[in-house]
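Asks: only geometry, no sequence info:
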């Protein structure tokens, strides 16, 4: 019951917070002095990147648990989280270059953070493709890909510290003035609630699909057994 | 016309044209033109920024909406599968 209600509740929360986020971003917080109006992309671009990294780690952990314990729930969570990484990653990889085009004059600068984010996205695309189209036994390869993807998350975070990049340092977010945080929190809340709801729905669907596959096999067996019994009787 | 409205000295109406416009003191044509060109640059930048913002937000929420529709369609397919299984079991 709770599993069914959770996504609905989260989507309701997102629907309530989203107008607050828009109000905060476009009316509450002023125009940033150096970057101008386009800086408002930040309020969705950065939370989306955090969500991408969060579900990358969730997918990696769930895949490792599934590999070790053969847990169906972990498998469903890993698949759902993997798809969310692709979705959020695509959002990051599109909104980032749009912002870069306006403020750097260049959509893609091949900096370490961009490359490691692109790599993360490709790894999870590979994970989902292997999960969906891989032959029997490919779960292990898929799990290894998910774990590799999760390892890429800290590389994305520390990329700006290790290499010289066009992205600002990680300290920028921490040093934001309170009015910017007041706009960032609702944006993060709305996106996180939406993403978690979608992951919960997708995980439930995956579990249902696994149960259905089993039920079909049993139904086929039952049908075959019933036909055999009928044949013997005649 | 803008100059006349602002009452720049150069654009002020000649003395014999009546008292329709009165020149504003302290604003010369050069300052006003400089201000206007700065405003034009800022307006162009703001318009371009809003275009980028609209694209970014549009793409972002479209992605979520498309994924939501995909999940809904998958749910419908699964429901159909459950119905098919029930029918199969009823027949058996």
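Replies: Yep, it's here. Note that the structure is a prediction, hence the values are computed from the model and not measured.

Asks: For chain A, give me its nearest residue in chain B.
Replies: residue B:49 (3.7 Å; C-beta to the nearest C-beta). Where C-beta positions appear, they are placed from N, C-alpha and C, glycine not excepted.

Asks: Enumerate every residue touching that residue.
Replies: A:36-38, A:40, A:102 (C-beta atoms under 8 Å, 6 or more residues apart in numbering or on different chains).

Asks: give me the subset of those residues touching chain B.
Replies: Restricting the contacts of residue B:49 to those touching chain B (C-beta under 8 Å from any C-beta of the partner chain) yields A:36-38, A:40, A:102.

Asks: Can I get those in JSON lines including neighbour count?
Replies: Below are the ones next to chain B among the contacts of residue B:49 laid out as JSON lines (neighbours: other C-beta atoms under 10 Å in any protein chain shown):
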{"residue": "A:36", "neighbour count": "16"}
{"residue": "A:37", "neighbour count": "19"}
{"residue": "A:38", "neighbour count": "24"}
{"residue": "A:40", "neighbour count": "24"}
{"residue": "A:102", "neighbour count": "23"}
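
Asks: Can you tell me which of those residues is nearest residue B:61?
Replies: Each of the ones next to chain B among the contacts of residue B:49 was checked against residue B:61 using C-beta to C-beta; the closest is residue A:40, at 14.5 Å.

Asks: Wait, a helix at the closest one?
Replies: Yes - per DSSP: H, G, I helix; E, B strand; the rest coil, residue A:40 lies within a helix segment.

Asks: Distance of it relative to residue A:101?
Replies: Relative to residue A:101, residue A:40 is positioned 15 Å away (C-beta to C-beta, to the nearest Å).

Asks: So which residue is smack in the middle of chain B?
Replies: Nearest residue to the geometric centre of chain B (C-alpha atoms, centre = their mean): residue B:50, 4.6 Å.

Asks: Quick check: pLDDT value at that one.
Replies: Looking at residue B:50, its pLDDT is 90.

Asks: wait, it sits on residue A:37?
Replies: Yes - using C-beta atoms under 8 Å, residue B:50 is in contact with residue A:37, at 6.3 Å.

Asks: Going by residue numbers, what spans are helices in chain A?
Replies: For chain A, the helices defined by DSSP state H occupy A:2-23, A:42-69, A:72-103, A:112-133, A:139-162, A:171-174, A:178-233.
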